[in-house]
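Engineer: Predicted model follows, preceded by the sequence.
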Amino acid sequence: MKVKLGVKNCLYPMPTVLVGALVDGKPNYVTIAHVGIMEIASVSLGMNKEHFTNKGIKENKTFSINIPSAKMVVETDYCGLTSGRSEDKTKLFKTFYGVLRTAPMIEECAINMECELLKTVDFTNHDVFVGRIVETYCEESVMNEGAVDFGKVHPILFVMNDRSYWSLGNRIGKAWSDGKKLAK
């Protein structure tokens, strides 16, 4: 039996990331879970307009997406609870820069994506930033045969329904392969 839930987005869990931007010339990070893939080399961020970081993304037309591991859940949650207007969250991390020079990234995160802003979509309460990935940086220790092994990354997943963080489970299949068992 199905139960009606009303208008409820159930596309969770979502990866939890730390978005970096220079705001008034200083690095700042904010926790975001509404991230998406637009095309292979393009991403989207759905960010409440109240976030301090939005100003820096609009000013510099760049941002970073940093993927923290489960061992960073306290720091990651803190960056979502506090505003860069009143707290210097960079004290928690070692910041580095890549080719764009205006997208601060977090050394402690296993994966960092440096992005150029392509477009901003204006929603009532949110800015949706669409960016093109210019470069991706990855710790060698989380790679396996030349590819990122997310089992080694241990990304933080977020579920809005009960406002909780989860960890990634086990691999259950092989994409573009397992379904061939049903092909005639």
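Structural biologist: Sure thing, it's come through. Numbering: from 1, shown residues only.
Engineer: Quick check: pLDDT value at Asn60.
Structural biologist: We have a pLDDT of 98 for Asn60.
Engineer: can you give me the strands in this structure?
Structural biologist: With strands called from DSSP state E, the chain shows them at 14-15, 17-23, 26-32, 35-39, 42-48, 62-67, 95-96, 105-106, 111-122, 126-138, 143-144, 147-148, 156-159, 164-167.
Engineer: mind putting those in CSV, distance to Glu75 and mean neighbour count included?
Structural biologist: All C-beta spots, glycine's among them, are computed from the backbone N, C-alpha and C. Converted to CSV, the strands of the chain look like this (distance: least, CB to CB, whole Å; neighbours: other CB atoms under 10 Å):
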stretch, distance to Glu75, mean neighbour count
strand 14-15, 16, 18
strand 17-23, 8, 27
strand 26-32, 9, 23
strand 35-39, 18, 13
strand 42-48, 19, 19
strand 62-67, 11, 26
strand 95-96, 13, 14
strand 105-106, 9, 26
strand 111-122, 15, 18
strand 126-138, 19, 17
strand 143-144, 23, 12
strand 147-148, 21, 12
strand 156-159, 10, 20
strand 164-167, 12, 13
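Engineer: quick one, which of the ones you listed is nearest to Gly80?
Structural biologist: Gly80 lies closest to strand 26-32 among those, at 3.2 Å (CB to CB).
Engineer: Who are the packing partners of that closest one?
Structural biologist: strand 17-23, strand 42-48, helix 52-60, helix 73-81 (3 or more CB pairs under 8 Å, 6 or more residues apart in numbering; DSSP states H and E).
Engineer: Make TSV from those and add distance to Ile106 to it.
Structural biologist: Converted to TSV, the helices and strands packed on strand 26-32 look like this (distance: least, CB to CB, whole Å):
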stretch	distance to Ile106
strand 17-23	6
strand 42-48	16
helix 52-60	13
helix 73-81	9
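Engineer: looking at these, which is closest to Ala183?
Structural biologist: Among the helices and strands packed on strand 26-32, the nearest to Ala183 by CB to CB is strand 42-48 (31.1 Å).
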